[in-house]
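Peer 1: how would this look folded up:
(one chain, ligands or ions: 1)
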Amino acid sequence: MTDRAFVAGNWKMNGSLSDIDTFSNALTARAADISCGLAVCVPFVYVARLAERLKGSDIATGGQDVATEIEPGAFTGEVSGTMLADCGATFTVVGHSERRAMYGETDDIVVAKTRAAIACGIQPIVCVGETLEEREADTVETVLKRQLGAVLDGCSDEELGRIVLAYEPVWAIGTGRSATPEQAQEIHAFLRSQIAERSDTLSRSLSIVYGGSVKPDNAEAIFAGDDVDGALVGGASLKADSFADIARAMPSHGA
Ligand SMILES: O=C[C@H](O)COP(=O)(O)O
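Peer 2: Have a look, this model is predicted:
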């Protein structure tokens, strides 16, 4: 069985050096009974510090974005996958809905970033998800097909084998209104079926995690879905206690 169980935290634009130190001490102390893969994605400026603090543990460090370019050059403000790797990161979030909505990231940019991360040895956590308007207009599958289709079309089988897919309905992010376990399972099964059209093997091995108001008190129910392999956690990942409680609720999972 491929164990697809994976829980990642996304700190977004939160935290400080001192928070990194407090959090990493507390999380490593609580990690003993967590069996799923674990990563924490922090602002670029804290990546090196977190990776240093997590050295020797099984907890991975991640960024929250990556440049489309790999080679050094005149790209003011950008951070390459090579730089992330140099700072000790092994994951990065790509195509989060906040970046799609606020920073104009298109499906093509998401594909380019996904491939750039992989080329640098960084595993991308690629986010897809519909807005409330799109759900109400009954276009969820169309939207997801387009977002995921771009990644499937733009990446080789080998590249796809390196990604984690995150389903994050935009209406559930930071709202306290999570998708129901049934809604999450339904969409995850749909996403997995889309991947299976490309490759059965890939659909069985690829982790599809859910993001959107996951908390310690709803994690177990959300994780009960056969196709829900874990979570991408925002707000509740800022505290080691709640993040560890969520990760502890994720059992080994795969097919
Ligand atoms: O990347 C994480 C998601 O945007 C979920 O954030 P949230 O758990 O604060 O709703």
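
Peer 1: Which single residue of this structure ends up nearest the ligand?
Peer 2: Taking C-beta to the nearest ligand atom as the measure, the chain has Gly234 as its residue closest to the ligand, at 2.2 Å. C-beta here means a position set from N, CA and C on the backbone, and glycine is covered the same way.

Peer 1: what sits against that residue?
Peer 2: 9-10, 12, 173-174, 211 (C-beta atoms under 8 Å, 6 or more residues apart in numbering).

Peer 1: repeat for Leu165
Peer 2: With contact set as C-beta under 8 Å, 6+ apart, Leu165 has these partners: 125-126, 128, 148, 191, 195, 206-209.

Peer 1: ok, and the closest non-adjacent residue to Cys41?
Peer 2: Take Cys41 and drop its neighbours on the chain: the residue closest to it by C-beta to C-beta, 6 or more residues apart in numbering is Gly62, 3.6 Å away.

Peer 1: Dihedrals phi and psi, the one you found?
Peer 2: Geometry field for Gly62 lists phi and psi as phi -140, psi 160, criterion degrees, to the nearest 10.

Peer 1: Surely it and Thr92 touch.
Peer 2: Yes: under the criterion of C-beta atoms under 8 Å, Gly62 makes contact with Thr92 at 5.2 Å.

Peer 1: joint contacts of the two?
Peer 2: Common contacts of Gly62 and Thr92 (C-beta under 8 Å, 6+ apart): 41, 122, 125.

Peer 1: out of the residues you listed, which touch the ligand?
Peer 2: Within the set of those, contact with the ligand (C-beta under 6 Å from any ligand atom) is found for no member.

Peer 1: quick one: which of those residues is most hemmed in?
Peer 2: For the shared contacts of Gly62 and Thr92, the largest neighbour count, defined by other C-beta atoms under 10 Å, is 28 neighbours, found at Ile125.
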